[in-house]
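> would you be able to build a 3D model of this:
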Amino acid sequence: MEQIYDLLVIGTGPGGYLAASKAAGLKKSVAVVEKRELGGTCLNRGCIPTKTLLHGTGMLREISAAGSMGIRCAEAEFEPEAFWRYKDTVLTTLRGGIEQLLKKQKVSVYHGHGTVTAADGRVVSVEVCAENGEKTRLQAANVLIAAGSRPALLPIPGASSAGVMNSDTVLNENRLGTDQGSVYQSVIIIGGGVIGMEMATVYSNLGSQVTVIEAMDRVLFGMDREIAQNLRMILKKRGVELITSASVKEIIPEDGGFCCRYAVRNRKGEEEENRVSAEGLLISTGRKPETEGLFSEAFLESFKQAGALWTERGFLKVDEEFRTGIPGVYAAGDAIGGIQLAHVATAESVRAVETMFSLPHSQELSVIPSCVYTDPEIACVGITADEAKNAGVEAVTGKYIMSVNGKSVLTMQERGFVKLVAEKGSGRLLGAQLMCARATDMIGELGLAVVKGLTVKEIASAVAAHPTFAEGIMEAALGMCQE
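Predicted structure coming up:
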């Protein structure tokens with residue numbers, strides 16, 4: 001008799017493999033389906049390779065500035081081919097860890113494209129088609145779709161021209177220059193979101209002339225306005241040009257690179273057209289769900305509510321427990337839209353597993369930290385003061401400038417701050433915005449404080465070690481208690 005798994009997961013990114021691990025830990029029979037490498041986008045084409053680039057090129061910039069500390073060394077050089085080998089080693093190591101985890105927990109791994117072909121309310125059938133064309137039919141009581149996303153193509157002339165990069169190709173093809181062994185002298189980045197600003201930092205660290213074109217009136221638009229203002233000043237000092245309130249009209253291939261035609265809205269709302277040229281061009285303007293072929297045509301025809309499966313933007317529709325409109329089929333992560341972050345995909349997938357096996361919820365999904373690995377790092381959790389005001393909540397803020405923090409000064413950090421947002425009267429922490437070294441490592445304790453409803457007085461009651469970057473959190477809280 002053919003085995004019917006308790007859970008079959010399509011996709012092995014942070015949402016997929018950790019959901020499989022969660023279910024396997026409950027002694028459930030589990031299988032995963034992956035059409036590419038284990039680890040999904042985050043490990044292979046996103047978080048990990050990008051942060052490896054940022055770490056490596058950041059070290060290069062630090063070495064170049066070490067002379068001011070009395071440390072003399074030969075001129076630092078960046079060897080792209082050697083660096084890509086290092087990046088590949090990091091990825092191989094982490095993929096091996098996932099493989100061993102699944103093996104240890106007796107999770108069956110199938111390589112190929114998974115397609116839901118039937119669902120009768122009791123069992124869901126999935127066909128796995130391998131690269132060689134071989135097909136395997138699997139059945140499961142529950143299916144979790146954690147298929148991830150891919151870069152969205154900008155709908156403008158020239159966006160699909162040969163050589164135009166996106167966040168996948170720049171990492172997959174090991175391209176920081178015209179070939180694997182070179183670095184662009186100049187590069188245009190279309191999109192000033194998280195990916196755009198991180199890649200702007202990478203290219204700036206390597207000495208490229210960087211131009212960022214952003215449609216909104218500031219970069220990192222969804223974050224605290226002060227963060228965008230500070231980042232603009234820091235990057236301007238490093239030679240990065242940020243062009244905001246701009247719409248790209250056309251990408252024109254030319255000898256030795258690309259020309260980008262764009263228009264900037266002035267204060268009167270009028271558009272003024274301009275052009276900029278560079279050797280390289282990277283588009284980082286969002287991602288779309290990787291949902292093509294997830295359901296067979298025959299199944300969609302037989303499923304009467306097929307139209308209710310998708311949102312207008314093509315994401316899978318789910319309820320608050322991550323159930324789709326198909327009984328026994330759940331979805332989480334980038335495939336359903338919302339906040340497209342690896343840790344969000346994990347939390348959503350784990351919630352789906354808890355739902356299908358009638359377990360209590362283990363995490364609070366309304367409080368999600370966001371991190372940007374620029375230099376300095378940026379990390380936020382909860383709400384900003386502006387968001388509190390818009391929600392009709394009276395709030396107070398406390399800010400500590402990191403330029404007087406001992407650890408910041410001795411490590412030659414640039415301008416930064418820690419900002420706390422609390423409810424007026426009660427002092428309950430509503431949110432926090434950090435822009436400083438190690439911000440992404442410190443945001444976790446503030447996320448915990450928001451989830452647990454701690455007040456700034458309670459945060460200030462803990463003794464902070466000295467000298468540390470985390471002292472900035474206690475100083476901001478203490479300052480609010482003294483006001």
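> any low-confidence regions in this protein?
1, 305-307, 483 (pLDDT under 70).
> so where do the helices sit in it?
Taking DSSP state H as the criterion, the chain contains helices spanning 14-25, 40-45, 47-64, 80-104, 169-172, 194-205, 225-237, 297-302, 342-356, 385-390, 406-410, 439-451, 456-460, 471-482.
> which one, of those, ends up nearest to residue 310?
With CB to CB as the criterion, residue 310 lies closest to helix 297-302 of the helices of the chain, at 10.4 Å. For glycine as for every other residue, the C-beta is placed from the backbone atoms N, C-alpha and C.
> could you export the helices of the chain as JSON lines, including mean neighbour count?
Shown next, in JSON lines, are those (neighbours: other CB atoms under 10 Å):
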{"stretch": "helix 14-25", "mean neighbour count": "25"}
{"stretch": "helix 40-45", "mean neighbour count": "25"}
{"stretch": "helix 47-64", "mean neighbour count": "18"}
{"stretch": "helix 80-104", "mean neighbour count": "14"}
{"stretch": "helix 169-172", "mean neighbour count": "20"}
{"stretch": "helix 194-205", "mean neighbour count": "24"}
{"stretch": "helix 225-237", "mean neighbour count": "17"}
{"stretch": "helix 297-302", "mean neighbour count": "12"}
{"stretch": "helix 342-356", "mean neighbour count": "23"}
{"stretch": "helix 385-390", "mean neighbour count": "15"}
{"stretch": "helix 406-410", "mean neighbour count": "15"}
{"stretch": "helix 439-451", "mean neighbour count": "19"}
{"stretch": "helix 456-460", "mean neighbour count": "20"}
{"stretch": "helix 471-482", "mean neighbour count": "20"}
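> would CSV of these with distance to residue 276 be doable?
Shown next, in CSV, are these (distance: least, CB to CB, whole Å):
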stretch, distance to residue 276
helix 14-25, 36
helix 40-45, 27
helix 47-64, 23
helix 80-104, 24
helix 169-172, 19
helix 194-205, 14
helix 225-237, 16
helix 297-302, 45
helix 342-356, 33
helix 385-390, 32
helix 406-410, 34
helix 439-451, 31
helix 456-460, 45
helix 471-482, 37
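> right, so of the ones you listed, which gets closest to residue 249?
helix 194-205 (18.3 Å).
> summarise which helices and strands the closest one is packed against.
helix 47-64, strand 186-190, strand 209-213, helix 225-237, strand 370-372 (3 or more CB pairs under 8 Å, 6 or more residues apart in numbering; DSSP states H and E).
> rewinding a little: closest one to residue 257 among the helices of the chain?
helix 194-205 (13.7 Å).
> for the closest one, which outside residues touch it?
50, 53-54, 57-58, 60-61, 167, 170, 176, 183-184, 187, 189-190, 210, 212, 214, 219-220, 231, 235, 238-240, 282, 284-285, 370, 372-375 (CB atoms under 8 Å, 6 or more residues apart in numbering).
> again with stretch 110-125
4, 8, 10, 31-35, 126-131, 134, 136-143, 293-296, 298-299, 303, 326-329.
> so for that stretch, what gets flagged as buried?
110, 111, 112, 113, 114, 115, 116, 117, 118, 119, 124, 125 (16 or more other CB atoms under 10 Å).
> farthest-separated two in those residues?
Among the buried residues of stretch 110-125, 111 and 119 lie farthest apart (CB to CB), at 23.1 Å.
> quickly list the domain ranges of the chain.
Under automatic domain parsing, the residue ranges defining each domain of the chain are 4-150+288-356, 153-285, 376-482.
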